[in-house]
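Trainee: Coordinates for the following, if possible.
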Amino acid sequence: MTDTLPDRLSIDPSSRYYDEALLSRNVGIRFNGQERTNVEEYCISEGWIRVAVGKSLDRRGKPLMLQHRGTVEPYFKE
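Mentor: Residues are numbered from 1 along each chain as shown. Coordinates of the predicted model:
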């Protein structure tokens, strides 16, 4: 396994961007210079993260998501 992270990664197992092997290595996200712990999905090239909005659920029972735009820097926590 390499030390490079993909352009897009999700923690939702139903997403096509989900990768259990990478997530088991404890991935961290810095967004606009601040560490975020509530990121559900990120995309480096498009510059956004998705975070859950409180405890609200959609009609399928999944958390409602809010997309924030900015500088995304994923890294492996050691």
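Trainee: count of residues packed around the closest residue to residue 70 other than its chain neighbours?
Mentor: Counting by C-beta to C-beta, 6 or more residues apart in numbering, residue 70 lies nearest to residue 32, which is 4.2 Å off, once chain neighbours are set aside. Bear in mind the C-beta positions are built from the backbone N, C-alpha and C, glycine included. When counting by other C-beta atoms under 10 Å, one arrives at 13 neighbours for residue 32.
Trainee: wait, isn't residue 32 in contact with residue 73?
Mentor: No: at 9.2 Å, residue 32 does not count as touching residue 73 under the criterion of C-beta atoms under 8 Å.
Trainee: measure residue 40 to residue 78 for me?
Mentor: 23 Å (C-beta to C-beta, to the nearest Å).
Trainee: Please report the distance of residue 4 from residue 16.
Mentor: Taking C-beta to C-beta, one finds residue 4 at 19 Å from residue 16.
Trainee: Oops, could you answer that again for residue 48 instead?
Mentor: Residue 48 is 17 Å from residue 16, by C-beta to C-beta.
Trainee: So if I had to pick from the two, which one is more boxed in?
Mentor: Neighbours per residue, other C-beta under 10 Å: of residue 48 and residue 16, the larger number sits with residue 48, 16 against 8.
Trainee: measure that one to residue 32 for me?
Mentor: Counting by C-beta to C-beta, the gap from residue 48 to residue 32 is 11 Å.
Trainee: any common contacting residues for these two?
Mentor: residue 70 (C-beta atoms under 8 Å, 6 or more residues apart in numbering).
Trainee: And the strands in the protein?
Mentor: With DSSP state E as the definition, the chain shows strands at residue ranges 8-10, 27-31, 34-36, 39-43, 48-57, 63-69, 72-76.
Trainee: Same list (those strands) but as TSV, adding distance to residue 21.
Mentor: Formatted as TSV, these follow (distance: least, C-beta to C-beta, whole Å):
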stretch	distance to residue 21
strand 8-10	11
strand 27-31	11
strand 34-36	22
strand 39-43	17
strand 48-57	21
strand 63-69	24
strand 72-76	12
